[in-house]
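Asks: Turn this into a structure:
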Amino acid sequence: MQAPLLAIDGLRTVFRTSSGEVAAVDGVSLAVPRGRTLGIVGESGCGKSMLSLSVMRLVPRPGRVAAGSVRLEGRDLLTLSPAEMRSVRGGQVAMIFQEPMTSLNPVHTIGDQIIEAMQAHEAGGRDLRDRAIEALRRVRIPAPERRLDEYPHQLSGGMRQRVMIAMALACRPKLLIADEPTTALDVTVQAQILDLLRELQAETGMSIILITHDLGVVAEMADEVAVMYAGRVVEQATARALFEDPQHPYTLGLLGSIPRLDEERDRLLAIEGAVPPPFALPPGCRFAPRCPFSITECTAAMPPLRELAEGHGAACIRAPVEQAVAA
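Replies: Residues are numbered from 1 along each chain as shown. Prediction:
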């Protein structure tokens, strides 16, 4: 089997607080195959974005990566010097965010910002302005020659997101991390952006980590899925297996909250309560206080992720979920 492009092993990211250190990412292990898409899902506060910032070594203070490894083609990014890591960001691993207006500089033109991204990684070849025009054309921006001299506020939200994608892919990275890339967009523009990412992936062969709370986007885009809850991965499987046969009660709850055209429901299902903050985690299984299948043993120890079928694991002592339902 081909080695994954990115392998995350035992990653733990902590923050120093007045009560001591708390873990926002707690022992996460994931693999991103070459040329494929890994979807990471979960509610807000589950650690999805902090995981991506840890991979990029952009964890804000007073946070730090306390343990684990992040290997890109066998090279541990956590051991690189700051200068070496700067060459990796953008050059080999790029990232796009939920709201491009907070990522684009309002006082510089679109062209200047794309060219700066290419210069940072010494992208040689033809004139950089021509390369920037080509980058905008690749992300389907009309009249790229004119758009190059415009400022972010002159573009629509969808156009700004396309510019962010153009900047991220300017140096043809091997891995793209997309953190909620379509949340701020309407459904029509969202579909266009997702189609664009698929086309660019097919064209360049890059891998994608897609971070979202939208399971519809995951079903459309991801090859494999990791479900996160309270800083940990609670279920991991291929997208098809996860949607057809969820094995963790949290995944079952997430899927039950989605409206479906093939089912008649008086109301959507809801998961009672909220994700616990990292400084107030319950004993044992972190989902137990919200779980309809919780039993006394669930609070005894935090369950490990165990394989229930080939490539399908869940961190639940009552999994498979059919067994819990029957009980």
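Asks: Distance of the nearest residue to Ser87 once chain neighbours are set aside relative to Leu58?
Replies: Leaving aside its chain neighbours, Ser87 sits nearest to His121 (6.9 Å; criterion: CB to CB, 6 or more residues apart in numbering). Every C-beta, even on glycine, is put in place using the N, C-alpha and C of the backbone. The spacing between His121 and Leu58, counted by CB to CB, to the nearest Å, is 17 Å.
Asks: Could you check the pLDDT of the residue nearest to Ser87?
Replies: For His121, the pLDDT comes out at 70.
Asks: Just give me the neighbour total for it.
Replies: 18 (other CB atoms under 10 Å).
Asks: list the contacts for it?
Replies: The contact partners of His121, by CB atoms under 8 Å, 6 or more residues apart in numbering, come to 87, 90-91, 171.
Asks: Quick one, which of those residues are buried?
Replies: Among those, the ones that count as buried by 16 or more other CB atoms under 10 Å are 90-91, 171.
Asks: Just name the closest of the residues you listed to Ala31, please.
Replies: Gly91 (21.6 Å; CB to CB).
Asks: surely the closest one meets Cys171?
Replies: Yes: if you go by CB atoms under 8 Å, Gly91 and Cys171 touch, sitting 5.2 Å apart.
Asks: and of the contacts of His121, the nearest to Gly273?
Replies: Among those, and counting by CB to CB, the member closest to Gly273 is Gly90, at 39.7 Å.
Asks: hang on, isn't that closest one packed against Ala117?
Replies: Yes: Gly90 lies in contact with Ala117 (CB under 8 Å); the separation is 6.0 Å.
Asks: between those two, what contacts are shared?
Replies: By CB under 8 Å, 6+ apart, the residues touching both Gly90 and Ala117 are 170-171.
Asks: quick one: Ala219 from Ile114, how far?
Replies: 32 Å.
Asks: Which one of the two is surrounded by more residues?
Replies: The residue with more neighbours, out of Ala219 and Ile114, is Ile114; 22 against 16, by other CB under 10 Å.
Asks: Please name the nearest non-neighbouring residue to the more buried one.
Replies: In space, Ile114 is closest to Ala132, 4.3 Å off (CB to CB, 6+ apart).
Asks: Nearest residue to the middle of the chain?
Replies: In the chain, the C-alpha nearest the mean C-alpha coordinate belongs to Ile211, at 2.4 Å (CA atoms, centre = their mean).
Asks: That one reaches Thr183, doesn't it?
Replies: No: when contacts are counted by CB under 8 Å, Ile211 is not listed as touching Thr183 (10.1 Å).
Asks: For Ala301, which three-state class applies?
Replies: Classification of Ala301 by DSSP: H, G, I helix; E, B strand; the rest coil places it in coil.
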